[in-house]
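K.L.:
Provided below for reference: sequence and predicted model.
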Amino acid sequence: MSTSLGTLYVAMGCACTFTVLVITVASVLYLRVKRARDQSLTCRYYSGPGYVGDTSTSQGGGGGRGAGSSLRSNSYATIASFKKVHILSHEKKRKSKVCTESGMGESLHYASSPLSQVYSQPYSPAHSLPASRHSHASCCASSLHSQASWRDPRHTDPSERVRQLAIDRWKVEVGEVVQEGTFGRVYRGVYRDPYARAALTVIIKTVSGEASSAQARLLVREGLLLAGLHHQHLLPVLGVCLSDPRHPLLLYPHLGLSNLKTYLLGCGRGTSEGVKLLTRDLVHIAIQVCLGLIHLHQQRLLHKDVATRNCLIDSELQVRVSDTALARDLFPQDYHCLGDNENRPVKWLSLEALIHKQFTPANDVWMFGVLLWELTTLAQQPYIEVDPFEMAAYLRDGYRLAQPQNCPDELFGMMACCWAPAPEDRTSFPHLLSCLQDFYSALGKYI
């Protein structure tokens, strides 16, 4: 009897030991999987353009990330096909954005919607940005969206500002060509001031001999957008030389900068010296652009052409927002004339700017959302399959850019909040800045 009881106790002991062992192993495996999943946000390398979305589409809302794309390139989806998620209550009388205490919002997905099968429904808000830890973020929205007293130096007489920035031609030495278009040229050069201790390396924008006088005047007018502004994330013109009005020279500090769009395209092709951008790098770039635009708006100035082509970046990923001088000539594929004799960045513009040519801070916010999409796709062309003449109808019917593969839900949620049809329903730059900074900090916890 005692022998059988002993055997029973031994068996029970072995069973308990085996159970504890199984539970321990399962716990270790679970923690490893969870940690790997958490770290996946920061381990995504943006080294190729092949993640804009997969080519398969399905009907319904279970597509997950990357779903909701067009028939071939997955470049757009209907905003009306958002999967409904639990969001905070939104008071109709209050236009400022409300958000959660945690700094991160609910995930947001586009549902699959092939254009041949799904007709857009009227827009209904399905997402709000996470709450800012800074109390001023939402209250700034109303003041930033106000249309009153906003100025655009491109529509004023530049004579006085040119006189303030005028420099002598003999002080400028034009070097090698850095970038060129049909009529525009960008050179590396040197500015020599006899009263300065050393010569200054500069970037020089000018026009070729084939350019018309109207194109030369446009270069000067657009080059004065940021003149006189001082901010670490803006690149204002340093000087203007008009000794030959047909060939004006605009001088900018060199600072080892290159065009952000060209840089991103190089990363996609693998030609940017092996650079591999992480999600955190892209968020860092977005934060810097946001800071520059906030300062611009604080000066009551609108940019009206927010895009990666109008930003510059150095080897340390420090970014500056530039003016729009020569952008149309250097990146002609980004601009279209819709029969009104005006070349505009049609696929970056908000609905009201595209249809009515109404420009407010809310339009810059919309364009910043497209810039975020450019960052996560390494400067792929937005709405690549949509005819420029059809863009207004697509946006009016509720179609928007789809979530790229490898793009975190939090980042795509910020894009979506920039693309609300009504300008007053869009988020503000201070609020976007707070959300981007929170997300940047969250990504840093996994490194």
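P.N.:
Structure's in. What do you need? Residues are numbered from 1 along each chain as shown.
K.L.:
need the contact list for Val289.
P.N.:
Going by C-beta atoms under 8 Å, 6 or more residues apart in numbering, Val289 touches His233, Val306, Cys311, Val319, Val321, Phe368, Leu371. Just so you know, the C-beta spots here come from the backbone N, C-alpha and C atoms, and that holds for glycine as well.
K.L.:
can you report phi and psi for the third one?
P.N.:
When quoted as degrees, to the nearest 10, the phi and psi of Cys311 stand at phi -130, psi 150.
K.L.:
my guess is it contacts Leu260, does it?
P.N.:
Yes: between Cys311 and Leu260 there is a contact at 3.9 Å, judged by C-beta atoms under 8 Å.
K.L.:
quick one: average confidence on stretch 226-242?
P.N.:
On average, the pLDDT along stretch 226-242 is 96.
K.L.:
now do stretch 350-368, average pLDDT.
P.N.:
97.
K.L.:
can I get the CA coordinates of that stretch in CSV?
P.N.:
Extracted C-alpha coordinates of stretch 350-368, given in CSV (Å, rounded to 0.1, in the frame of the first residue of the first chain):
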residue,chain,number,x,y,z
SER,A,350,-6.6,70.7,-50.9
LEU,A,351,-10.1,70.6,-52.4
GLU,A,352,-10.8,74.2,-51.8
ALA,A,353,-7.5,75.3,-53.2
LEU,A,354,-7.9,73.1,-56.3
ILE,A,355,-11.4,74.2,-57.1
HIS,A,356,-11.7,77.7,-55.7
LYS,A,357,-8.1,78.7,-55.3
GLN,A,358,-8.7,79.5,-51.7
PHE,A,359,-5.5,79.3,-49.7
THR,A,360,-5.5,79.2,-45.9
PRO,A,361,-3.3,77.5,-43.2
ALA,A,362,-5.6,74.5,-43.6
ASN,A,363,-4.3,74.0,-47.2
ASP,A,364,-0.8,73.9,-45.9
VAL,A,365,-1.9,71.3,-43.4
TRP,A,366,-3.5,69.2,-46.2
MET,A,367,-0.3,69.4,-48.2
PHE,A,368,1.7,68.4,-45.1
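K.L.:
so which of the contacts of Val289 wins on neighbours?
P.N.:
For the contacts of Val289, the largest neighbour count, defined by other C-beta atoms under 10 Å, is 29 neighbours, found at Leu371.
K.L.:
so that one is in which element?
P.N.:
Leu371 is part of helix 361-376, with elements assigned from DSSP states H and E.
K.L.:
who touches the next helix or strand after that helix?
P.N.:
Where DSSP H and E defines the elements, the next helix or strand beyond helix 361-376 is helix 391-396. Here helix 391-396 makes contact (C-beta under 8 Å, 6+ apart) with Tyr76, Val346, Lys347, Leu349, Leu351, Leu354, Ile355, Tyr383, Val386, Pro421.
K.L.:
and what of stretch 309-321?
P.N.:
Applying C-beta under 8 Å, 6+ apart, the external contacts of stretch 309-321 come out as 226, 232-235, 255-261, 263, 281, 284-285, 288-289, 292-293, 296, 303, 306, 322-324, 327, 330-331, 334, 371.
K.L.:
domain map for this protein?
P.N.:
Listed by automatic domain parsing, the domain ranges of the chain are 77-151+258-444, 153-253.
K.L.:
pLDDT weak spots in the stretch 251-400 of the chain?
P.N.:
In the predicted model of the stretch 251-400 of the chain, residues 272-274 satisfy pLDDT under 70.
K.L.:
helices along that one, start to end?
P.N.:
Remark: helices assigned in the stretch 251-400 of the chain by DSSP state H, counting those that start in this stretch are 260-269, 279-298, 327-330, 351-356, 361-376, 391-396.
K.L.:
hey, C-alpha coordinates of the last one in PDB?
P.N.:
To tie it back to what came earlier, the one meant is helix 391-396. Presented in PDB, the C-alpha positions along helix 391-396 are these (Å, rounded to 0.1, in the frame of the first residue of the first chain):
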ATOM      1  CA  MET A 391      -8.400  65.200 -59.200                       C
ATOM      2  CA  ALA A 392     -11.100  67.600 -58.100                       C
ATOM      3  CA  ALA A 393     -13.900  65.000 -58.700                       C
ATOM      4  CA  TYR A 394     -11.900  62.200 -57.000                       C
ATOM      5  CA  LEU A 395     -11.400  64.300 -53.900                       C
ATOM      6  CA  ARG A 396     -14.900  65.600 -53.900                       C
END
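K.L.:
alright, that wraps it up for me.
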